[in-house]
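*Asks:* Quick one: sequence and predicted model below, then my questions.
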Amino acid sequence: MRFQITKFFRQRLLIVFLACLFAVIWMFLTSNVLWDGMADVPAPRMSDLHAPFPPSHQRVIIPNYQNRFQEENEDVDKFIPGLDVGQDFDGFEPKYNDQDVNVGQDLDVHGDFDNLHDIWTLAADWVKSREIIPAIAPDLGTVLYAMANSKITKADVGYKGTQLKLLLSLENDQIVVFKPMRYSRDHVINGNPYAGYDRHNSEIAGFHLDRILGFRRAPLVVGRHVDLKKEIIPVASDRLLQTFFKGVGNSTCFYGSCHYCNKEEPACDDGVFLEGSITLWLPSSWPLQKHRHPWGRTYKAGKKAKWEYDNTYCREIIVKDPFNSGPRLLDIMDTCIFDYLIGNGDRHHYETFQQDGADGMLLNMDNAKGFGNPFHDEKSILAPLYQCCKIRRATYQKLLTLSDGKLSEFMKQALSHDPVSPVLVPLHYEAMDRRLRAVLSEIQKCISRNGESHVMVDGLVL
Ligand SMILES: Nc1ncnc2c1ncn2[C@@H]1O[C@H](COP(=O)(O)OP(=O)(O)OP(=O)(O)O)[C@@H](O)[C@H]1O
Ligand SMILES: [Mn+2]
């Protein structure tokens, strides 16, 4: 009898033990702990009220990372004029100063605003000739929160440009641009450095990178989950409404109106929400002027732009107005570093504030072609830097403070606040740190070739 009781309990105990073991393994597998880099990302703050669906892009495994990176980058040095193929420099002294980058605090959301009108006015008043937001902007999180959560009162097709987007009005008359999600986070874009649709997450990450680099020349961007049926269709213009249709399953789709817009390439929701980026429209008191970028691509297969075959291209640019004096050429250097870090090879034009003429700052807007391929570092994006060998000392110093992994750390911290977090998969953070080292290396090569006094520019202008 005694033997039977013990056996009975032993069997039960074994069942309970196995059940517990199974539960622990299951919890471990379904948690984020396995997914490198995601574990320490806190829950998004601004999304609390909006209660979006849980992030659907957390799990990414891309095999053979190292092999693939080497294959993709093997030949890159061979056909870029002006790129010094010499030894890469390493061992920079990162001089990180905690005061340098104010990432987290400014993203907290405060409730001390009476109405949205005050929030939009505040953001409009931030705009100055050489900055879109101030260095310290404790209300930035509140403005971003308002962009991500306030009521949409009008929706229309995009204004201009080639990519599918919407022009929205938010409550109290604030215009914003909505760029819809077209790819999952782990999608890799192959081909030329401007290939693929716009990436809404690149707009979001670009905004924060621009701020972390200390430029603050990008319009405000935040992620948002939009309910097409409830938030867009009831307030849509006729011409936008005409492009809506029922997609597969329970989804709602639209294809808008733009150069590349057509019914075969729509943006669709997941049955309820469509994720996208919201960009704050600049105040009408700051009209823009569009310029052709001197290092733009031809966008024609087999046809190269002059800078792509002529090593001395910069000599001809640096003597021309507005590059021969003032901030323009140095702004181009800053922007090419920014673009290289995100992998955006689509800077065909750039915009400045009309009223500032030749002294106008280069706005870092339209950053949606970044973060397409974390395995590929497109060195040609850096051509202005390694062909001209000029950089502001302040930019160089900022890059140094961000080397040694600080850049990705700050980016993760900033992006963790966004409602569509995680904005980037971990491979893109690795890519940014790696590319930053390559930028520093190119600057070092310039210094050894031309001397520091030729390369470093103190102050803002040439
Ligand atoms: N936030 C904004 N504030 C003011 N004007 C803007 C803003 N965003 C875009 N614009 C204007 O709209 C134009 C097109 O926007 P954007 O470059 O984002 O679209 P796109 O479809 O990518 O264009 P492209 O095909 O030329 O690259 C810009 O060149 C600019 O003049
Ligand atoms: Mn574009």
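*Replies:* Received it, and whenever you're ready, just let me know what you need. Ligands and ions are numbered 1, 2, ... in the order given.

*Asks:* CA only for contacts and neighbour counts going forward, please
*Replies:* Will do.

*Asks:* Work out for me the element Ser257 sits within.
*Replies:* Using DSSP states H and E, Ser257 sits in no helix or strand.

*Asks:* now swap in Gly206 and tell me
*Replies:* Going by DSSP H and E, Gly206 is part of helix 200-212.

*Asks:* could you say what helices and strands that helix packs with?
*Replies:* strand 221-227, strand 273-280, helix 328-342, helix 406-415 (3 or more C-alpha pairs under 8 Å, 6 or more residues apart in numbering; DSSP states H and E).

*Asks:* hmm, try it at 10 Å
*Replies:* strand 174-180, strand 221-227, strand 273-280, helix 328-342, helix 393-402, helix 406-415 (3 or more C-alpha pairs under 10 Å, 6 or more residues apart in numbering; DSSP states H and E).

*Asks:* out of those, deepest packed?
*Replies:* strand 221-227 (a mean of 26; mean count of other C-alpha atoms under 10 Å).

*Asks:* Run the chain-centre distance for that one.
*Replies:* What separates the centre of strand 221-227 from the centre of its chain is 14 Å, taken as C-alpha atoms, centre = their mean, to the nearest Å.

*Asks:* Now it: average pLDDT?
*Replies:* For strand 221-227, the mean per-residue pLDDT is 98.

*Asks:* How about the helix holding Gly206 and ligand 1, any contact?
*Replies:* No: applying C-alpha under 6 Å from any ligand atom, one finds helix 200-212 separated from ligand 1 by no less than 9.1 Å.

*Asks:* just to revisit the earlier point, can you tell which of the helices and strands packed on helix 200-212 is closest to ligand 1?
*Replies:* strand 273-280 (5.0 Å; C-alpha to the nearest ligand atom).

*Asks:* Give me the nearest residue to the closest residue to ligand 1 within the stretch 301-450 of the chain, chain neighbours excluded.
*Replies:* Across the stretch 301-450 of the chain, no residue is closer to ligand 1 than Asp366, which sits at 4.2 Å (C-alpha to the nearest ligand atom). Nearest non-adjacent residue to Asp366, counting by C-alpha to C-alpha, 6 or more residues apart in numbering: Glu203, 7.1 Å away.

*Asks:* Pretty sure the one you found sits against Gly372.
*Replies:* No: using C-alpha atoms under 10 Å, Glu203 is not in contact with Gly372; the gap is 12.0 Å.

*Asks:* neighbours around the closest residue to Glu231 other than its chain neighbours, how many?
*Replies:* Distances taken as C-alpha to C-alpha, 6+ apart place Ile152 nearest to Glu231, at 6.2 Å, with adjacent residues excluded. Here the number of neighbours of Ile152 (other C-alpha atoms under 10 Å) works out to 23.

*Asks:* just Lys303 next, same as before
*Replies:* 10.

*Asks:* repeat for the one 5 residues further on
*Replies:* Each residue near Glu308 was counted by other C-alpha under 10 Å, and the total is 19.

*Asks:* I'd guess it is in a strand, am I close?
*Replies:* No: judged by DSSP: H, G, I helix; E, B strand; the rest coil, Glu308 forms no part of a strand; its state is helix.

*Asks:* show me the contacts for Asn190.
*Replies:* By C-alpha atoms under 10 Å, 6 or more residues apart in numbering, Asn190 lies in contact with 196, 372-373, 375-376.

*Asks:* Lys263 against Gly256, yeah?
*Replies:* Yes: at 8.6 Å, Lys263 counts as touching Gly256 under the criterion of C-alpha under 10 Å.

*Asks:* More neighbours: which of these two?
*Replies:* Gly256 (26 against 14).

*Asks:* per-residue confidence at that one?
*Replies:* 97.

*Asks:* for it, what are its contacts?
*Replies:* Gly256 neighbours (C-alpha under 10 Å, 6+ apart): 156-158, 163-166, 239-244, 262-263, 265-267.

*Asks:* sorry, back to before: any chance of the helices and strands packed on helix 200-212 in a markdown table with distance to ligand 1 as columns?
*Replies:* Shown next, in a markdown table, are the helices and strands packed on helix 200-212 (distance: least, C-alpha to the nearest ligand atom, whole Å):
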| stretch | distance to ligand 1 |
| --- | --- |
| strand 174-180 | 7 |
| strand 221-227 | 9 |
| strand 273-280 | 5 |
| helix 328-342 | 14 |
| helix 393-402 | 24 |
| helix 406-415 | 20 |
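
*Asks:* Export the ones you listed as a markdown table, with columns for distance to Ile15.
*Replies:* Output for these, formatted as a markdown table (distance: least, C-alpha to C-alpha, whole Å):
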| stretch | distance to Ile15 |
| --- | --- |
| strand 174-180 | 50 |
| strand 221-227 | 44 |
| strand 273-280 | 43 |
| helix 328-342 | 52 |
| helix 393-402 | 53 |
| helix 406-415 | 43 |
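
*Asks:* before we move on, the earlier item: count of residues packed around the residue of the stretch 301-450 of the chain closest to ligand 1?
*Replies:* For Asp366, using other C-alpha under 10 Å, the count is 21.

*Asks:* wait, what's in contact with it?
*Replies:* Neighbours of Asp366 in contact, by C-alpha under 10 Å, 6+ apart: 198, 202-203, 206-207, 218-219, 279, 344, 346-347, 349-351.

*Asks:* mind checking the backbone torsions on the residue lying closest to Thr335 once chain neighbours are set aside?
*Replies:* Nearest non-adjacent residue to Thr335, counting by C-alpha to C-alpha, 6+ apart: Asn364, 6.9 Å away. When read as degrees, to the nearest 10, the backbone of Asn364 gives phi -90, psi 70.

*Asks:* May I have the residues that are in contact with the residue of the stretch 251-400 of the chain found nearest ligand 1?
*Replies:* Across the stretch 251-400 of the chain, the shortest distance to ligand 1 (C-alpha to the nearest ligand atom) belongs to Trp281, at 3.5 Å. Contacts for Trp281 (C-alpha under 10 Å, 6+ apart) come out as 124, 167-169, 174-177, 219-221.

*Asks:* same check, this time on Ile175
*Replies:* Ile175 neighbours (C-alpha under 10 Å, 6+ apart): 120, 147, 152-155, 167-169, 278-283.

*Asks:* Mind checking which of these land in helices?
*Replies:* Among the contacts of Ile175, the members found in helices (DSSP state H) are 120, 147.

*Asks:* what's the neighbour count on Lys354?
*Replies:* Not quite, residue 354 is Gln, not Lys. For Gln354, using other C-alpha under 10 Å, the count is 15.

*Asks:* same thing with Lys151?
*Replies:* Close neighbours of Lys151, defined as other C-alpha under 10 Å, add up to 13.

*Asks:* Can you tell me how far it is from Ile175?
*Replies:* 12 Å (C-alpha to C-alpha, to the nearest Å).

*Asks:* shared neighbours of these two, which are they?
*Replies:* By C-alpha under 10 Å, 6+ apart, Lys151 and Ile175 have these common neighbours: Ser169.

*Asks:* Can you pull up the residues of the chain that come close to ligand 1?
*Replies:* With C-alpha under 6 Å from any ligand atom as the criterion, the chain comes near ligand 1 at residues 160-163, 219, 279-282, 366.
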